[in-house]
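Trainee: coords below, sequence missing:
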């Protein structure tokens, strides 16, 4: 992949606890922010239950449509941790003990602590590449363009550094925000005109209520700083004409 190629990814959050609302998903923010910084655009995020067929079917769609897929959750030691076995089936690979992972965990735990439950964490698709875990020992793994990470946010975050050399991104995606004291309906037509003149720039408008101020943040995103500046100037032009106040957030 050359540096000018548009590189995209999907994030697949696996876990009944996310869908039930018992656990809040913060991994999407962590992964998307990190991927943007290395020039990988997140195309979509899906949240699915710990159901084998759902994991297999979703994974097979996402891995064909994206350069990369990142899964989070379901690689722990309990009965409902079925991500690794589901990934094996999605790729038609044998599900087996990963010798290197076994060695890592055997050394990590005290004698007698590496029990049957914990040994479940070293079962992976055949020839999976390990993603080293500097926090709690148990590694994640990758197969082809699919990267499987744990669901615990602090552990996931600590493992991203080890992925840097495995992910080839495009140009980092830059963004610029203009916050205005207005409502979306007031700027909708003007913003549409700017978007029509700048087809290859992503422009989003997001209402906010902050410190008693009601307003709209306009976010301009592109790989090209010059295009962002041109677009920003066009927005500031209609803001000035409409006498809309710019606010500091």
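Mentor: Everything's here; your move. Model, not experiment: these values are computed from the prediction.
Trainee: only the buried residues of stretch 158-175, if you could.
Mentor: 158, 159, 160, 163, 167, 169, 170, 173 (16 or more other CB atoms under 10 Å). Quick note: C-beta positions are derived from backbone N, CA and C, even for glycine.
Trainee: end-to-end on it?
Mentor: 25 Å (CA to CA, to the nearest Å).
Trainee: equivalent analysis for stretch 18-28, please.
Mentor: Taking CA to CA as the measure, stretch 18-28 stretches 12 Å from start to finish.
Trainee: the residue lying closest to residue 78 once chain neighbours are set aside: how many residues sit nearby?
Mentor: The spatial neighbour of residue 78 that comes closest, neighbours along the chain excluded (CB to CB, 6 or more residues apart in numbering), is residue 117 at 7.2 Å. Residue 117 has 12 neighbours, counted by other CB atoms under 10 Å.
Trainee: begin at 134, not 1, for the rest of this chat.
Mentor: With 134 as the first residue, the last one maps to residue 250.
Trainee: show me what counts as buried in the helix or strand containing residue 250.
Mentor: In the assignment (DSSP states H and E), residue 250 maps to helix 249-252. By 16+ other CB under 10 Å, the buried positions in helix 249-252 come out as residue 251.
Trainee: contact partners of it?
Mentor: Residues outside helix 249-252 that contact it (CB atoms under 8 Å, 6 or more residues apart in numbering): 210, 211, 230, 235, 238, 242, 271.
Trainee: most widely separated two among the buried residues of stretch 291-308?
Mentor: Maximum pairwise distance among these (CB to CB): 25.3 Å, between 291 and 303.
Trainee: could you list the residues in contact with the biggest helix by length in the chain?
Mentor: As assigned by DSSP state H, the longest helix anywhere in the chain is helix 358-374. Outside helix 358-374, the residues that touch it by CB under 8 Å, 6+ apart are 307-309, 311, 313, 320, 323-324, 326-327, 330-331, 333-334, 336, 351, 353-355, 379.
Trainee: since that was my last question, I'll sign off now.
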